[in-house]
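Trainee: Dropping the sequence and predicted coords here.
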Amino acid sequence: MANPPSTSKIFTRSSYPEYRRILAILRTETVGGALLLGATVIALVWANSPAADGYFALRDLKLGYEPWHLELSLGHWASDGLLAVFFFLAGLELKREFVAGELRKPSKAAVPVAAAFGGVLVPALIYVLFNLGSAQETLKGWAIPTATDIAFALAVLAVINTHLPAALRTFLLTLAVVDDLIAIGIIAFFYSTGLQPLLLLAALVPLGLFTLLVQKRVRSWYLLLPLALATWALVHASGIHATVAGVLLGFAVPVFASGRKGEPAEGLAEHFEHRLRPFSAGFAVPVFAFFSAGVVLGGVDGMAAALSDPVALGVMAALVAGKAAGVFGTTFLVTRTTRASLDSSIAWIDLFGLALLAGIGFTVSLLIGELSFGAGSAHNDHAKVAILAGSLTSAVLAAVVLRARNRRYRQVAAEEERDDDGDGVPDVFARG
């Protein structure tokens, strides 16, 4: 008699140390998401108040040294400079996931990686469909609705007080990490202009020295920071968006400790992450949001005009419907074609709620909007309105779905905290 086809479980819990690490990251990002929300509200209120001229004058105030191509407005310093810190951390997290995290295991990486790609391709296609009959210029914004903002998503989870199981939290973070990697590639290949190859080659010198020092476990900021700034400045001047420099620097940092006598237990990547993540989540990203989210809404008539633009319609439809369809649909197809099954603690409705949550696009979406149409342009302003409206709609729909499952999530959370044998590790992790 033939044996039944073997099946594998997906969305199972990670190891307990990985679970604790992810919880620490999510706590920081949740606080950052609250600050992000606050900065966005302040920007919108100020930009639509009688004192709006002061907001735009501050955003457009130029500082820097022109001969080095660094005379930028405060808004550009936030998007090109402060966001480089955000992308440096993205680079660190990406490398850690591929070297020591969930993405190092093909069986566990397959689903979130596929879901991330589905969550990029389907929204992009929906946006293009909405803009096929419009001016060619509007197609430049195809990548705006492809990004998921993990900080905003976590802020929504905190507001609705849901207790997502560990497997879903891991999936959400891994999805966001892969999503960031795709966004980095999109920015580097599709939104770089006026490429200067010599300057790009010159950037390899400080990047190489930075890599050499961190591989030797050098932590001295007075050595590493000048090299990082030189790499950033040369990449910026080369025509490649400067945030890409942050990712390259993050990739250079080793994940594991060297194991030498006296070496701290944490690797250098973890060292930098502990010190820079609060700065990124608590300052860099909220300041970027403050300078990028300010858009004149113009009352009912202004909102109607903005939402009649195919750019805005495409962005909204892609964020709300495209992200959900891409993430959920791809996850469903992968599990069905690989004979995999969900872990007993997870139901398909949970995945649908998480797919809706992925439609919250903000930080990277705003950045790509500016790169697509230029800061202050009509299409960019309309895209901002659509990003805000689409993200809010996705958040409300996700909250309805996930909140309805919160009783079940509480039961799973209690199980994940239970430690009957008192060894300091919850029993469900000990059994895994």
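Mentor: Thanks, I have it. Numbering: from 1, shown residues only.

Trainee: Backbone torsions only: list them for residue 308.
Mentor: phi -90, psi -10 (degrees, to the nearest 10).

Trainee: Surely residue 389 touches residue 307?
Mentor: Yes. The criterion here is Cβ atoms under 8 Å, and residue 389 meets it with residue 307 at 7.4 Å. (Each C-beta comes from the backbone N, C-alpha and C, glycine too.)

Trainee: out of these two, which sits in the more crowded spot?
Mentor: Shown here are residue 389 and residue 307; by other Cβ atoms under 10 Å, residue 389 has more neighbours (18 against 14).

Trainee: what separates the more buried one from residue 44, distance-wise?
Mentor: Using Cβ to Cβ, to the nearest Å, one gets 12 Å for the distance from residue 389 to residue 44.

Trainee: Check which residues of stretch 327-341 are buried.
Mentor: Using 16 or more other Cβ atoms under 10 Å as the test for burial, stretch 327-341 gives 327-328, 330-332, 334-335, 340.

Trainee: now do stretch 223-242
Mentor: Residues of stretch 223-242 classed as buried: 224, 227-228, 230-238, 240-242 (neighbour count, 16+ other Cβ under 10 Å).

Trainee: In the stretch 51-200 of the chain, what residue spans correspond to strands?
Mentor: 62-63, 72-73 (DSSP state E, counting those that start in this stretch).

Trainee: Buried deepest among those strands, which one?
Mentor: Of all the strands of the stretch 51-200 of the chain, strand 72-73 carries the top mean neighbour count, a mean of 19, counting by mean count of other Cβ atoms under 10 Å.

Trainee: Give me the helices and strands touching that strand, please.
Mentor: Packing contacts for strand 72-73, counted by 3 or more Cβ pairs under 8 Å, 6 or more residues apart in numbering; DSSP states H and E, involve strand 62-63.

Trainee: any residues touching the strand it packs on, and which ones?
Mentor: 71-74, 77 (Cβ atoms under 8 Å, 6 or more residues apart in numbering).

Trainee: Mind telling me the two of those farthest from one another?
Mentor: Pairwise distances across the contacts of strand 62-63 (Cβ to Cβ) peak at 11.7 Å, for the pair 71 and 74.

Trainee: what residue ranges in the stretch 301-432 of the chain score low on pLDDT?
Mentor: Along the stretch 301-432 of the chain, the parts satisfying pLDDT under 70 run over 302, 340-341, 413, 416-417, 419-432.

Trainee: Next, please give the residue ranges for the strands of it.
Mentor: 340-342.

Trainee: That one: helices as residue ranges?
Mentor: With DSSP state H, counting those that start in this stretch as the criterion, the stretch 301-432 of the chain has helices at 310-317, 323-337, 348-357, 363-373, 378-404, 406-417, 427-431.

Trainee: angle of the second one against helix 348-357?
Mentor: Between helix 323-337 and helix 348-357, the angle formed by their directions is 140 degrees, by axes from the mean of the first three to the mean of the last three Cα atoms, to 10 degrees.

Trainee: helices or strands up against helix 323-337?
Mentor: Using 3+ Cβ pairs under 8 Å, 6+ apart, the elements in contact with helix 323-337 are helix 106-131, strand 340-342, helix 348-357.

Trainee: ok, back up a step: name the nearest of the contacts of strand 62-63 relative to residue 246.
Mentor: Among the contacts of strand 62-63, and counting by Cβ to Cβ, the member closest to residue 246 is residue 77, at 14.1 Å.

Trainee: Tell me who's in contact with the closest one.
Mentor: By Cβ under 8 Å, 6+ apart, the neighbours of residue 77 are 63-64.

Trainee: From residue 288, how far out is it?
Mentor: As judged by Cβ to Cβ, residue 77 and residue 288 stand 10 Å apart.

Trainee: quick one, helices of the stretch 1-150 of the chain?
Mentor: Counting by DSSP H, counting those that start in this stretch, the helices of the stretch 1-150 of the chain are 16-47, 52-60, 74-76, 83-99, 106-131, 150-160.

Trainee: Test my guess that residue 100 contacts residue 255.
Mentor: Yes. With contact defined as Cβ under 8 Å, residue 100 counts as touching residue 255 (5.5 Å).

Trainee: Return the distance of stretch 342-359 from the chain's centre.
Mentor: 19 Å (Cα atoms, centre = their mean, to the nearest Å).

Trainee: Return that stretch as CSV; C-alpha atoms alone will do.
Mentor: Output of stretch 342-359 as CSV, limited to C-alpha atoms (Å, rounded to 0.1, in the frame of the first residue of the first chain):
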residue,chain,number,x,y,z
LEU,A,342,-0.6,25.5,8.5
ASP,A,343,0.5,25.1,12.1
SER,A,344,-2.4,24.2,14.4
SER,A,345,-2.2,27.6,16.1
ILE,A,346,-2.8,29.5,12.8
ALA,A,347,-5.9,29.7,10.5
TRP,A,348,-6.2,31.2,7.0
ILE,A,349,-8.2,34.1,8.3
ASP,A,350,-5.1,35.1,10.3
LEU,A,351,-3.1,35.2,7.2
PHE,A,352,-5.7,37.3,5.4
GLY,A,353,-5.6,39.8,8.3
LEU,A,354,-1.8,40.0,8.1
ALA,A,355,-2.0,40.4,4.3
LEU,A,356,-4.4,43.4,4.8
LEU,A,357,-1.9,44.8,7.3
ALA,A,358,0.8,44.6,4.6
GLY,A,359,-1.1,47.3,2.7
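
Trainee: Now for the residue nearest to residue 387 when sequence neighbours are not counted: which residues touch it?
Mentor: Excluding the flanking residues, the one nearest residue 387 by Cβ to Cβ, 6 or more residues apart in numbering is residue 365, at 4.9 Å. The contact partners of residue 365, taken as Cβ under 8 Å, 6+ apart, are 144-147, 149, 315, 319, 383, 387, 391.

Trainee: Relative to residue 249, which of those is nearest.
Mentor: residue 147 (20.7 Å).

Trainee: quick one: the closest residue to that closest one other than its chain neighbours from residue 63, how far?
Mentor: Once flanking residues are discounted, residue 147 sits nearest to residue 364: 3.6 Å by Cβ to Cβ, 6+ apart. Using Cβ to Cβ, residue 364 is found at 24 Å from residue 63.

Trainee: Can you name the residues bridging to the closest residue in space to residue 60 that isn't next to it in sequence?
Mentor: Closest residue in space to residue 60, ignoring its immediate chain neighbours: residue 73 at 4.9 Å, by Cβ to Cβ, 6+ apart. For residue 73, the beta-bridge partners are residue 62 (DSSP bridges).

Trainee: what sits against residue 73?
Mentor: Applying Cβ under 8 Å, 6+ apart to residue 73 gives the contacts 59-63.

Trainee: Having no further points to raise, I will conclude here.
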